[in-house]
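Trainee: got a sequence here, can you model it:
(chains A and B)
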Amino acid sequence: MQKDWIARIKDQLTPIVLVGLVLAVSLYDPRFLSVSNLLTVAADTMTLFLMASGVTLVIMMGGIDLSIQSVASMASCILAVTLARFGFGAVLLAVLAGLLAGLAGGLTSTVLRIPSFIATLAVGGIVTSVAYYVSDAHSVNIPADLSHAYLGWAVGSPLAIPNEILVGGVCAALLTAVLTYTPFGRLVRAIGHQERAVIASGLNVDRQKLIAYTLSGGMAGLAGVVMGARLGSGSPTLANEFLLPAIACIIVGGTAVTGGVGSVWRTLLGALIIQVVRIGMTFVGVSVFAQQIVFGTILVAAVAITMDRSKVTVVK
Amino acid sequence: MTTAVPSLELRHISKSFPGVTALDDVSVAFYPNEVVGLIGENGAGKSTVLKVLNGIYQPDAGEILVNGAPVKITKPRDAFDRGIAMVFQEQSILGSLTIAENIFLGREEEFLRYGFIDSRAMNAAAARELKKVHLDLAPGRRCEDLTFAERQMVEIAKALSLDGRIAGQLTILLDEPTSVLEAKEVGLLLSIVRELKQRATIVMISHRLDEVLTISDRVIVMRDGRVAKELPTKSATVQDLHKHMVGRQLHHEYYREARQAKVGAETILSVKALSRAGSFQGVSFDLHAGEVLGLAGVIGSGREDLARCLAGHLAFDSGTLEVKGKPLAGGSVLKAASSGIGLVPSERKAEGIVAALTVAENITMAALPKFVKSGIIQFAEEQRTAHAWIDQLHVKTPSTATPIGSLSGGNQQKCVLAKWRVAGVAALILDHPTRGIDVGAKEDVYELIRDMTAEGLAILLLADTLEEVIGLSSRILVMKDGAVTATFDASPRAKPVQVDLVRHMV
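Mentor: A predicted model of the protein is given here:
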């Protein structure tokens, strides 16, 4: 009976931690709990969530995508540079570039049989160079009128709810539907749990991997677009320092680094936790320079708490 | 001899896994300077005994005594430090290290000088150990360059190196030490075992009853997780041992021979001059509808690789493979499965099932695209199919949504069979389909094999025991060193006997 309770609490640990953190920060400053502030916090979280949402699929499958921050930066550059010429087409172009970068990482990993962390790290390097070429190594401004005309869907708030939240919510719902109702979604879990058995059942595992990496790149591209829209510029270093928090929010959400277990909703909760921690740190007065220390610590702690390491004898 | 303190003793050891009792109140004692043969069918509990002694499994009950004192063994190193050394079939030698480094792995302190390993001293010590096993190799050679037999000898040398380094009597457990050796090497190994007896207790786990009878002083027979019989070798014969291992007289009904289907005319799988370098050469046969074709052979005969090749897990170098007259390229499970060949793998947990997915998800896995309409899985249809097969194959599961990993091995295996039936295969390759499942579940699997052939499926069988392959097959191919050495008709009541097959196997 007691064990039941512990198991149930462990299942719901992520939302409990989130609520706890929100309350803790509100004790510090009650204004934090106001609706408008909470909406702002949520809106600020969405770029991080979008970056992490696609990688969630890759991690569930037992891989990793380390190229996402480069992809997001590149997408912001492509958006900023081409927005004047192509309008909405620039948005599509930026996301498409992300999809291609993801596909490239996937192909490198599956065709050449290279571990995904190496493949995506290498592709990330290439992508960064592309971003430098596209932007001529400068931060490229997005004029307010263009932003208003073509990026309002990402940054406005005509419905009292910031559009970022709507974009994030729609993406979370779509990806969850994909995971729940499509054969791809089922195979993501199956491959994460026991890839050999899926191969031995005569299924095309490589194709599922390519889809996951491509989606991961596409979501990173979209994150870059939203980020560029919010900041009013594109830059080849725009999303730097985002990789660690993105991976952290996936793991904090409860997706297992060993594959098989996880969901996009969990990543959304994880992203909110990371964001509240970030704000909390600012409240408490932790230096911005020290924040990555905290994210690193949270990441290790989350893995340590969520993973049953008694069964892991070999760590590579 | 029996008045001495046992060098190793198990008292009332029990161990169970979900659905299977692997060891049931096992008590055995091994005395100094004796060779004990530990025999039993697959699944009798021999390897569980080894794993308990090695600390890989913790027993649910009972105790282990070394030289009369109770001990707790929680990891392989504990066993080693207490003078229990194991020589496994799947060897623990590391290829990238030298012979000397392997022998003294984890015990390098002995050779430390100013914090560095004195490799000259280590090599000299290793040479002394190698002499004990008559292995004339430079201790500085890397193990990946050695033959399989040489590596096995290195492993034995490693075990022997405990002699004089630990207090008390040494116990060496050899797990199927001869199964992959050539005849000459077997002779050498047995003579070394005879010498070792002077300074250690030797436990030999083996399938080869004749060897056990030649070398041992005493034989312990295990069956269904219990000690079925202990007897002095002097008074034992191969027939005796066999009877104790099986625990019943052979009778036709055990393998449902009455239900053995008449072999159909249609050729499902046609194999012509199939070769794969290092595995098998020039193998040809036809597999017909309704037929159970048994593949017999020892480890290294190439039959496992052949089976995996036919199912697309491995590629072949030359020859042709046809499924219902259509050529099939090797090396792709995807292609093999879509042309109608399924493999029920021997490593069920790694390749047969995804333990964390549900029973229904596993049953439909190989045919998943069939359950998809406009990109969406048709869950209701999937449930119907899963229920139908659970009923038909009598799978014992709380529900279709139960994770398959929580079922017993036998029920998991039924789901693996169901998976390929749902995929609609015409030929099924069964690689040790009764490995690691209970006796009762084995009979269910035999029944299912008869059901499938009655429906016209063609089955290629790699069985756990000769008895099983003879009992189930309509025809038997014997393989040795990668080639087919004999073909036997195995019609009901005209079955070959084991010695006939063995003659062509070794």
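Trainee: how far does stretch B:40-55 sit from the chain's center?
Mentor: 12 Å (C-alpha atoms, centre = their mean, to the nearest Å).
Trainee: meant to ask about stretch A:190-208
Mentor: With C-alpha atoms, centre = their mean as the basis, stretch A:190-208 stands 24 Å off its chain's centre.
Trainee: can you pull the alpha-carbon coordinates of that stretch into CSV?
Mentor: C-alpha atoms of stretch A:190-208 as CSV (Å, rounded to 0.1, in the frame of the first residue of the first chain):
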residue,chain,number,x,y,z
ALA,A,190,9.5,0.1,-29.3
ILE,A,191,12.9,1.1,-30.7
GLY,A,192,13.8,2.9,-27.5
HIS,A,193,13.0,-0.1,-25.5
GLN,A,194,14.4,-2.9,-27.6
GLU,A,195,15.7,-1.9,-31.1
ARG,A,196,16.9,-5.4,-32.0
ALA,A,197,13.4,-6.9,-31.5
VAL,A,198,11.9,-4.3,-33.8
ILE,A,199,14.5,-5.0,-36.5
ALA,A,200,13.9,-8.8,-36.0
SER,A,201,10.2,-8.2,-36.6
GLY,A,202,11.0,-7.0,-40.1
LEU,A,203,10.2,-3.4,-39.6
ASN,A,204,12.1,-0.5,-41.2
VAL,A,205,13.8,1.0,-38.1
ASP,A,206,16.0,3.4,-40.1
ARG,A,207,13.0,5.0,-41.6
GLN,A,208,11.5,5.7,-38.2
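Trainee: flag every buried residue along that stretch.
Mentor: For stretch A:190-208, a neighbour-count test (16 or more other C-beta atoms under 10 Å in any protein chain shown) marks A:190-203, A:205-206, A:208 as buried. Every C-beta, even on glycine, is put in place using the N, C-alpha and C of the backbone.
Trainee: show me the contact partners of that stretch.
Mentor: For stretch A:190-208, contacts defined as C-beta atoms under 8 Å, 6 or more residues apart in numbering or on different chains pick out A:60-62, A:110-111, A:184, A:187-188, A:209, A:256, A:258-262, B:312-313, B:333-334, B:336-338, B:342-343, B:345, B:350-357, B:361, B:365-366, B:368, B:419, B:423.
Trainee: next step: those residues restricted to strands.
Mentor: B:342-343 (DSSP state E).
Trainee: can you tell me the element residue 304 falls in?
Mentor: Assuming you mean chain A. Per DSSP states H and E: A:Ala304 is located in helix A:291-306.
Trainee: hmm, I had chain B in mind actually
Mentor: B:Glu304 is located in helix B:303-310, with elements delineated by DSSP H and E.
Trainee: what are the buried residues along that helix?
Mentor: Result for helix B:303-310 [16+ other C-beta under 10 Å]: buried residues B:303-310.
Trainee: follow-up on the earlier one: are any of the contacts of stretch A:190-208 buried, and which?
Mentor: Buried among the contacts of stretch A:190-208 by 16+ other C-beta under 10 Å: A:60-62, A:110, A:184, A:187-188, A:209, A:256, A:259-262, B:312-313, B:333-334, B:336-338, B:342-343, B:345, B:351-357, B:361, B:365-366, B:368, B:419, B:423.
Trainee: which ones among those lie within helices?
Mentor: Those of those mapping onto helices are A:60, A:110, A:184, A:187-188, A:209, B:333-334, B:336-338, B:361, B:419, per DSSP state H.
Trainee: what parts of the stretch 201-316 of chain A come near chain B?
Mentor: Residues of the stretch 201-316 of chain A lying near chain B by C-beta under 8 Å from any C-beta of the partner chain: A:201-204, A:260-261.
Trainee: packing partners for the helix holding B:Glu304?
Mentor: Here helix B:303-310 touches strand B:267-276, strand B:280-288, strand B:292-296, strand B:341-344, strand B:427-431, strand B:458-462, going by 3 or more C-beta pairs under 8 Å, 6 or more residues apart in numbering or on different chains; DSSP states H and E.
Trainee: now do 7 Å
Mentor: Other elements packing on helix B:303-310 under the criterion 3 or more C-beta pairs under 7 Å, 6 or more residues apart in numbering or on different chains; DSSP states H and E are strand B:280-288, strand B:292-296, strand B:427-431, strand B:458-462.
Trainee: I'd like to know which of those is closest to chain A.
Mentor: strand B:427-431 (10.7 Å; C-beta to the nearest C-beta).
Trainee: neighbouring strands - and their directions - for that closest one?
Mentor: strand B:341-344 (parallel), strand B:458-462 (parallel) (DSSP bridges).
Trainee: tell me the secondary structure at the single nearest residue of chain A relative to chain B.
Mentor: Closest approach between chain A and chain B, counting by C-beta to the nearest C-beta: A:Gly202, at 2.6 Å. Under DSSP: H, G, I helix; E, B strand; the rest coil, A:Gly202 falls in the coil class.
Trainee: re earlier: just how off-centre is the helix holding B:Glu304 within its chain?
Mentor: Counting by C-alpha atoms, centre = their mean, helix B:303-310 is centred 15 Å from the centre of its parent chain.
Trainee: please apply the same query to stretch A:242-258.
Mentor: The chain centre lies 8 Å from the centre of stretch A:242-258; the measure is C-alpha atoms, centre = their mean.
Trainee: if we can go back for a sec, could you list every helix and strand that the helix holding A:Ala304 packs against?
Mentor: Applying 3+ C-beta pairs under 7 Å, 6+ apart, one finds that helix A:291-306 makes contact with helix A:243-253, helix A:264-284.
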